[in-house]
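Q: pasting the sequence and the predicted model now:
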Amino acid sequence: MGATKETLGFQAEVKQLLHLMIHSLYSNKEIFLRELISNASDACDKLRFEALDNPGLFESDSELKIRVAYDKDARTITISDNGIGLSREEAVAHLGTIAKSGTREFFSSLTGDQAKDAHLIGQFGVGFYSSFIVADKVTVISRRAGQNKDQAIRWESAGEGDFSIEMVEKEGRGTDVILHLRDGEDEFLGGWKLKSILKKYSDHITLPILMQKEEWKDGEQVKTDEDETVNQASALWARPKSEISEEQYKEFYKHVAHDFEDPLAWTHARVEGKQEYTQLLYIPSRAPFDLFERGARHGVKLYVKRVFIMDDAEQLMPLYLRFVRGIVDSADLPLNVSREILQQSKDIDTIKGGCVKKVLGMIEDLAENDAEKFATFWKEFGRVLKEGVGEDHANKERIAKLLRFASTKNDTADETVSLADYVSRMKDGQDKIYYVTAETFTAAKNSPHLEIFRKKGIEVLLLSERVDEWVVGSLTEFDGKQLQSVAKGGLDLGTLEDEAEKKEAEKAADEYKELVGKIRAELGDKVKDVRVTHRLTDSPSCIVADEHDLGGNLARILKAAGQKMPGSKPILEINPNHLAVQRLKYEETRFSDWANLLLEQATLAEGGTLEDPAGFVKRINDLMLALSAGK
């Protein structure tokens, strides 16, 4: 009859997760039923999709449904579906391992606090294992659609270190999940309790959820031979908004996103005209662990005339909105639509454009009317939204208005300003939006390039996320004001600089012309140029990139990513008002050391690395010894 019974070990992460499930979610045990119903619904959706190309998978049973039953004597609850089912390989893969990106980050972020960890478990999305909250043994009997009846599998585990799997016979396709309840969980062995949970959590499931009808007889409820449908079994998104409660919207989100937490916001609209479609789109309250993997699965499901077509319909939502969850149901697309057709469809482009506008509208509404929720959104998804500046030219201005950055106006990276805030505070005569990029907020905040701006009280944006380089490379102006790096090109503060300061700068440039030439000769091809600066007040030197060269931070990011960099060299600027530079005018014996130190310390201050760190250390030590000896 096929392979004999095998016992296999759980993946280490599954063992850890099972322990967390049992101990962290004890206060909300009933969610196990919601999760298993969601899985059953997904299995039916997948069958319907595969059967579009292979109708034989229905096996003359095309009425998809879910059944919930309980047995008081055996102390079991059984959730059955006639969906796609599992092969042996799929059972081992899906029920014994967690093949999720972000797994390591997930476990490293657990706190030991049961309430907080419960949120994280939901965020990670592993509903099947919630069975072990109420069961001390779980049996899964499943046959994949299209396989022979003797190719079914029986998977069983007590939720500890291992599980068994063997081949068995099963007449109908689909999956039965049988929960053997723990002692003390008898409250779930009753029709009224199970039906109330199903109505609360699963009313929106589009398939009928069936249970045996019960009636009162001699003072107790007794099962009859009839079935009854427990849920409405109609597409929630197809109902009028006036008939859907806030709680129903939230529960549908938890089903469609496999999340345990409420969404941050949602939009529900029916679009009529050239294309007819319905959209129900959600912004989660927390980022998934694979958010920054651009190849990760997306969260928008495509339906056509209320028939599920595909999960992960990436053609419906651009990458920078990959955190959005929900459904789109089209009245116009063909039922046998494929990914290839979607990629070439103008109808899909229209639907995608409409969805993007709705999502941006949701975010704009949070920004204008709910500062607390917008702050949550920005913390979780701001870095991803920033990608849209370069990806979505049509909506670049709308996205730019939503962007938030740290700035010299505030003390922490969490306190952010919008570009509109910045423009409203610009000094009289200021015509540029100034920014500095660095690898960390602290490095940006302490950049020597900010010294003259601090002295004059000019606000500078502090950009310390990698995506910020992408943003400023694509967003060259806002509200008619040019974005200008304080670490690129010559500094021209225009009318923000008075005539006396300009004359002082010209005088210093002339006075230090000879020294600049000597330093340039000493440093040779290590630098593109050397010049006197007026952007420094406290530091002796800084390095800047030429106007059309890559900035130092971007060059380091690209180099770390393995890209070959063009050989652009920095410009060294020296501060004529600093004692170290003034002394260098008269230094002869250690001129080379001093000149190199000016370049090396400026490189370090900008977050760069030295080609010869040992040489730098030796120069510092020699200089300290010389100073201590009074030389």
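A: Nice, I can see it.
Q: which of the helices or strands spans the spatially most central residue of the chain?
A: Compute the mean C-alpha point of the chain, and by Cα atoms, centre = their mean the closest residue is residue 291, 2.6 Å away. Under the criterion DSSP states H and E, no helix or strand holds residue 291.
Q: cool, and the one 10 residues further on?
A: Using DSSP H and E, residue 301 maps to strand 299-304.
Q: so what does that strand touch, helix or strand wise?
A: helix 246-257, strand 307-310, strand 325-330 (3 or more Cβ pairs under 8 Å, 6 or more residues apart in numbering; DSSP states H and E). Heads up, the C-betas are built off the backbone N, CA and C, glycines and all.
Q: buried stuff in that strand?
A: 299, 300, 301, 302, 303, 304 (16 or more other Cβ atoms under 10 Å).
Q: cool, stretch 6-20 as well?
A: So, applying 16+ other Cβ under 10 Å, buried residues of stretch 6-20: 10, 13, 14, 16, 17, 18, 20.
Q: what are the phi and psi angles of the fifth one?
A: In this entry, residue 17 is assigned phi and psi values of phi -70, psi -40 (degrees, to the nearest 10).
Q: show me the contacts for the residue nearest to residue 457 when sequence neighbours are not counted.
A: With Cβ to Cβ, 6 or more residues apart in numbering as the criterion, residue 457 has its nearest non-adjacent residue at 7.3 Å, and that residue is residue 427. Neighbouring residues of residue 427 by Cβ atoms under 8 Å, 6 or more residues apart in numbering: 456, 457, 458, 496.
Q: which of these count as buried?
A: 458, 496.
Q: would you list the contacts of residue 427 in a markdown table and tack on distance to residue 196?
A: Supplementary listing: the contacts of residue 427 in a markdown table, determined by distance: Cβ to Cβ, whole Å:
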| residue | distance to residue 196 |
| --- | --- |
| 456 | 67 |
| 457 | 63 |
| 458 | 63 |
| 496 | 68 |
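Q: okay, now the sheet partners of the strand holding residue 301, with direction.
A: Next to strand 299-304 in the sheet, as set by DSSP bridges, lie strand 307-310 (antiparallel), strand 325-330 (parallel).
Q: single out the most deeply packed of those strands.
A: Using mean count of other Cβ atoms under 10 Å, the stretch among the strands paired with strand 299-304 with the largest mean neighbour count is strand 325-330, at a mean of 24.
Q: so what pLDDT did the residue nearest to residue 457 get?
A: pLDDT recorded at residue 427 is 90.
Q: and if you look at the one 4 residues further on?
A: According to the prediction, residue 431 has pLDDT 88.
Q: and the pLDDT at the residue nearest to residue 430 when sequence neighbours are not counted?
A: Spatial nearest neighbour of residue 430, excluding adjacent residues (Cβ to Cβ, 6+ apart): residue 496 at 6.0 Å. As predicted, residue 496 sits at a pLDDT of 71.
Q: contacting residues for residue 496?
A: 427, 429, 430, 456, 458.
Q: just the closest of the buried residues of stretch 6-20 to residue 330, please.
A: Residue 330 has its nearest neighbour among the buried residues of stretch 6-20 in residue 17, at 36.8 Å by Cβ to Cβ.
Q: next one: that closest one from residue 391, what distance?
A: 35 Å (Cβ to Cβ, to the nearest Å).
Q: again with residue 573
A: From residue 573 to residue 391 the distance is 35 Å (Cβ to Cβ).
Q: if you count what's nearby, which of the two comes out ahead?
A: residue 573 (25 against 16; other Cβ atoms under 10 Å).
Q: look at the more buried one and give its secondary structure.
A: strand (DSSP: H, G, I helix; E, B strand; the rest coil).
Q: burial count for the closest residue in space to it that isn't next to it in sequence?
A: Of all residues not flanking residue 573 in the chain, residue 533 sits nearest, at 3.4 Å (Cβ to Cβ, 6+ apart). Other residues near residue 533 come to 26 when the count uses other Cβ under 10 Å.
Q: give me the pLDDT for residue 533.
A: 87.
Q: buried stuff in stretch 367-384?
A: Applying 16+ other Cβ under 10 Å to stretch 367-384 flags 367, 373, 374, 375, 376, 377, 378, 380, 381, 382, 383, 384 as buried.
Q: what does the helix or strand hosting the second one contact?
A: So the one you mean is residue 373. Per DSSP H and E: residue 373 is located in helix 371-385. Identification of contacts with helix 371-385 by Cβ under 8 Å, 6+ apart yields 264-265, 283-287, 291-292, 320-323, 363, 366-367, 399, 402-404, 414, 416, 465, 467.
Q: do that again at 6 Å, thanks
A: 264, 286, 287, 320, 323, 366, 367, 404, 465, 467 (Cβ atoms under 6 Å, 6 or more residues apart in numbering).
Q: so for the first one, what's the pLDDT?
A: Spelled out, it's residue 264. 96.
Q: distance check, it against residue 279.
A: Taking Cβ to Cβ, one finds residue 264 at 17 Å from residue 279.
Q: run through the stretch 451-600 of the chain and note the low-pLDDT ranges.
A: Residues of the stretch 451-600 of the chain meeting the criterion pLDDT under 70: 494-495, 548-567.
Q: filter the contacts of residue 427 down to the ones in helices?
A: Using DSSP state H, the subset of the contacts of residue 427 located in helices is residue 456.
Q: residues in contact with residue 264?
A: 283, 285, 373, 377 are the contacts of residue 264 under Cβ under 6 Å, 6+ apart.
Q: mind redoing it with 8 Å?
A: 282, 283, 284, 285, 366, 373, 376, 377.
Q: residue 518 now?
A: Residue 518 sits in contact with 591, 595, where contact means Cβ under 8 Å, 6+ apart.
Q: could I get the host helix or strand of it in CSV with only the CA atoms?
A: Element membership for residue 518, per DSSP H and E: helix 513-523. Only the C-alpha atoms of helix 513-523 are listed here, as CSV (Å, rounded to 0.1, in the frame of the first residue of the first chain):
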residue,chain,number,x,y,z
LYS,A,513,46.6,79.7,-1.7
GLU,A,514,50.2,78.5,-1.2
LEU,A,515,49.3,76.1,1.6
VAL,A,516,46.5,74.6,-0.5
GLY,A,517,49.0,74.0,-3.3
LYS,A,518,51.5,72.3,-1.0
ILE,A,519,48.8,70.0,0.5
ARG,A,520,47.5,69.2,-3.0
ALA,A,521,51.1,68.2,-4.1
GLU,A,522,51.6,66.1,-1.0
LEU,A,523,48.3,64.2,-1.3
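Q: right, and residue 422 touches residue 460 too?
A: No - under the criterion of Cβ atoms under 8 Å, residue 422 makes no contact with residue 460, lying 9.3 Å away.
Q: mind checking pLDDT for the spatially closest residue to residue 65 that is not a sequence neighbour?
A: Spatial nearest neighbour of residue 65, excluding adjacent residues (Cβ to Cβ, 6+ apart): residue 208 at 5.0 Å. Residue 208 is assigned a pLDDT of 95 by the prediction.
Q: and the one 5 residues further on, by the same measure?
A: Model confidence at residue 213, expressed as pLDDT, equals 92.
Q: name all residues that make contact with it.
A: 223, 224, 226, 227, 228.
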